[in-house]
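*Asks:* Curious how this folds, go ahead:
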Amino acid sequence: MERVNAVKKTIIVDDISSIKHNHFTLLSNKRIIKDHPFIIKKAPDGSSYHFDKEDLEKMSKYEKDLAPHEETDPLSKREYILKMKKEFYHLIRSGEMDTILSRLYELEDRTVQLKWAGPIEYKFKV
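*Replies:* Residues are numbered from 1 along each chain as shown. All right, here's what the predicted structure looks like:
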């Protein structure tokens, strides 16, 4: 009997936003990505996002640079947000974010693939 490979789902990402320092969202065409496996969370003000402090703590087990911001960190909240957007960007472009998402959402390894479709020399806004 032949082994059937899982179908890989490709999700296009062209921007990364943050509603505050430990809340990040991946966007496609200026809209929050709602595709599986992403879980959409709501902030008290009604804003939607993907990753919060708890998610960042879990993801940092696989990539230390995704650790959440703490008040004692030497980076300001603004500097931290910019650093994190750049980190997500590099992880998506390199394909490493696929593995991190698979572990975060407990998916079969490599069944989701993120593709960066935004500018290559991206200027992140904070």
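
*Asks:* So residue 69 belongs to a strand, correct?
*Replies:* No. Counting by DSSP: H, G, I helix; E, B strand; the rest coil, one finds residue 69 to be coil, located in no strand.

*Asks:* Tell me, how many residues neighbour it?
*Replies:* 19 (other C-beta atoms under 10 Å). (C-beta placed from N, C-alpha, C; glycine too.)

*Asks:* what's the answer for residue 49, then?
*Replies:* 21.

*Asks:* how about the helices in this structure?
*Replies:* 53-59, 77-94, 96-104 (DSSP state H).

*Asks:* for the last one, packing partners?
*Replies:* With contacts defined as 3 or more C-beta pairs under 8 Å, 6 or more residues apart in numbering; DSSP states H and E, the packing partners of helix 96-104 are helix 53-59, helix 77-94, strand 112-116.

*Asks:* want to try a markdown table for the ones you listed, with mean pLDDT, distance to residue 103 and mean neighbour count as columns?
*Replies:* Shown next, in a markdown table, are the helices and strands packed on helix 96-104 (pLDDT from 0 to 100; distance: least, C-beta to C-beta, whole Å; neighbours: other C-beta atoms under 10 Å):
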| stretch | mean pLDDT | distance to residue 103 | mean neighbour count |
| --- | --- | --- | --- |
| helix 53-59 | 97 | 8 | 16 |
| helix 77-94 | 95 | 13 | 18 |
| strand 112-116 | 95 | 11 | 19 |
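
*Asks:* out of those, which comes closest to residue 31?
*Replies:* Minimum separation from residue 31 across the helices and strands packed on helix 96-104 (C-beta to C-beta) falls at strand 112-116, 15.4 Å.

*Asks:* Parallel or antiparallel, which strands does that closest one pair with?
*Replies:* strand 9-13 (parallel) (DSSP bridges).

*Asks:* chain center to the strand it pairs with, what's the gap?
*Replies:* Its chain's C-alpha centre and that of strand 9-13 lie 12 Å apart, by C-alpha atoms, centre = their mean, to the nearest Å.
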